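1. everything below, folded, please.
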Amino acid sequence: MATLSLTQFLTLDGVRQAPGGPEEDPSEGFTHGGWSVPFGDEDFGRFMDGVFERPTAFLLGRRTYEIFAGYWPKRTDPADPIATKLNALPKYVAGTTLDSADWAGTTLLRGDVVEEVRALKERTDGEIQMHGSGGLAQTLLDHDLIDTLHLLVFPVILGTGRRLFADGVRPTAFRLTGARTTGSGVTLTTYELAGRPEYGSYA
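-> Next comes the predicted model:
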């Protein structure tokens, strides 16, 4: 049975929307697209290369899939560790509004997303990776289907935009298993699913 990991870029105030460019996702009037780019130093690159050494498959939401499919198939350098994995490995897309997918190796998940992902994990070995796909991630977090969180927190506050942990998310506990900071100030943290939160009092 596979594990499912999520790698997510976040601002200090939890915004996940459009980290990679001004035109990536300007929906709902978002004007801060590309906020992660100034912090992309060598430490950041090494961490991301390491993440992409591990997957056996990818699971993406519709919006992230469309962004990736418009970019990565054009990157054909065999020395590029990210493009090589994204173009070669199976990709599963959860979304009811996508009619077709031309990127080689893509399968559309048409049924109930929770049951589809649960079945995907059961029939797959290794590590299934999610990148971005915040809306899908929120749904899967609410059903304890994401085993590992890689949260990359950038030293910037935007004050607007979609957030990963919105009001109403299921209370969930995680265990910190890795933490470091890049030269440009991005904190790279890894958490493993631990179950439900525990509570106490300092009184």
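2. dihedrals phi and psi, the residue nearest the centre of the chain?
-> Geometric centre of the chain, nearest residue: residue 131, 2.6 Å, by C-alpha atoms, centre = their mean. Main-chain torsions, residue 131, degrees, to the nearest 10: phi -130, psi 130.
3. just the one 5 residues further on next, same as before
-> Dihedral angles phi and psi of residue 136 (degrees, to the nearest 10) take the values phi -60, psi -40.
4. the residue lying closest to the residue nearest to the centre of the chain once chain neighbours are set aside: neighbouring residues, count only.
-> Excluding the flanking residues, the one nearest residue 131 by C-beta to C-beta, 6 or more residues apart in numbering is residue 7, at 5.1 Å. Bear in mind the C-beta positions are built from the backbone N, C-alpha and C, glycine included. By other C-beta atoms under 10 Å, the residues close to residue 7 number 20.
5. other SSEs contacting the helix or strand hosting residue 7?
-> Using DSSP states H and E, residue 7 falls within strand 3-11. On a contact count with 3 or more C-beta pairs under 8 Å, 6 or more residues apart in numbering; DSSP states H and E, strand 3-11 meets helix 113-123, strand 127-131, helix 134-141, strand 148-154.
6. give the partner strands of the helix or strand just after the last one in its sheet and their orientations.
-> It stands for strand 148-154. Heading C-terminal from strand 148-154, the first helix or strand you meet, by DSSP H and E, is strand 173-181. Strand 173-181 has the following strand partners under DSSP bridges: strand 187-195 (antiparallel).
7. returning to that earlier point: now for the residue nearest to residue 131: which residues touch it?
-> 48, 51, 129-132, 150, 152 (C-beta atoms under 8 Å, 6 or more residues apart in numbering).
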